[in-house]
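*Asks:* just coords:
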């Protein structure tokens, strides 16, 4: 059976990826920061005959990423989904990523989590991807990082998402000769803890759309930036 590796798999988009892939018969490596608190993820694992492996990984801890990669050395990964991410200070705390009141430590955390960590995870698990049949790498970005579609002044988050989009579209060109397809996604404004209840996209629809794209995306399309509904995002 094919294998998908998902970071940030304990809630929101990551948990929905797990639920949909396992329903389709995939084997899943599900990483999250604290498996002991991942109640819904553990429940999915318990009822699915060992096809979901839940493991601890804080993607901001690069040494831990290397340790995890060593643990799973030799296990083929068909699809690697870099889903883990944070929005940083928002709502009542938005001043901490606004001009004039920026919290630079918070900005560092957002950049490390959203931009550097997906690149590091991809580096660390690249041998696993090369051993898989599909050889696909995906990252969750956002139109908030687009200079064309949005100018939301949430500086830390916007910079981090712009950075990860540029990083992975560039990576697509680097890895094309190795037969690896790189995909950049905007999941839409989804009803999750991050997106809030006022969001207009249901979690199940966002993930179903991205999974369809993952299944059909070809090497020739590698490096494109797509919304969950297959629209191209200008950036």
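*Replies:* Yep, that arrived. Since the structure is predicted, the reported quantities are computational estimates derived from the model, not experimental observations.
*Asks:* any weak-confidence spans in this structure?
*Replies:* 191-199 (pLDDT under 70).
*Asks:* and the spatially most central residue of it, what is it in contact with?
*Replies:* The chain has residue 83 as the residue nearest its centroid, 1.7 Å off, counting by CA atoms, centre = their mean. Residues near residue 83 by CB atoms under 8 Å, 6 or more residues apart in numbering: 6-9, 13-14, 17, 140. In short, each C-beta sits where N, CA and C put it, glycine included.
*Asks:* Pull up the gap between it and residue 117, please.
*Replies:* 11 Å (CB to CB, to the nearest Å).
*Asks:* Mind checking what secondary structure the residue of the chain positioned farthest from its centre has?
*Replies:* Most distant from the centre of the chain: residue 100, at 30.3 Å, with distances by CA atoms, centre = their mean. Look at residue 100: counting by DSSP: H, G, I helix; E, B strand; the rest coil, its state is coil.
*Asks:* Equivalent analysis for residue 174, please.
*Replies:* helix.
*Asks:* what's near enough to touch it?
*Replies:* Contacts of residue 174 by CB under 8 Å, 6+ apart: none found.
*Asks:* Name the residues that touch the helix or strand where residue 63 lies?
*Replies:* Here residue 63, judged by DSSP states H and E, is contained in helix 62-71. Residues from elsewhere that reach helix 62-71, judged by CB under 8 Å, 6+ apart: 31, 55, 57-59, 117, 120-121, 124-125, 127-128.
*Asks:* Throw together a PyMOL command that grabs the buried residues out of those.
*Replies:* Buried members of these, defined by 16 or more other CB atoms under 10 Å, are picked up in PyMOL with:
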select buried, resi 31+57+58+59+117+120+121+124+125+128
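*Asks:* Looking at the contacts of helix 62-71, which are in helices?
*Replies:* When the contacts of helix 62-71 are checked against helices (DSSP state H), the matches are 117, 120-121, 124, 127-128.
*Asks:* Of those residues, which is the nearest to residue 230?
*Replies:* Nearest to residue 230, judged by CB to CB, of the ones in helices among the contacts of helix 62-71 is residue 121 at 25.2 Å.
*Asks:* Helices of the chain, start to end?
*Replies:* Going by DSSP H, the chain shows helices at 12-23, 39-46, 62-71, 104-111, 117-124, 126-131, 155-175, 203-216.
*Asks:* Could you tell me the angle between the second one and helix 12-23?
*Replies:* Following axes from the mean of the first three to the mean of the last three CA atoms, to 10 degrees, one obtains 10 degrees for the angle between helix 39-46 and helix 12-23.
*Asks:* which secondary structure elements does helix 39-46 contact?
*Replies:* Contacts defined by 3 or more CB pairs under 8 Å, 6 or more residues apart in numbering; DSSP states H and E place helix 39-46 against helix 12-23, strand 27-32, strand 52-56.
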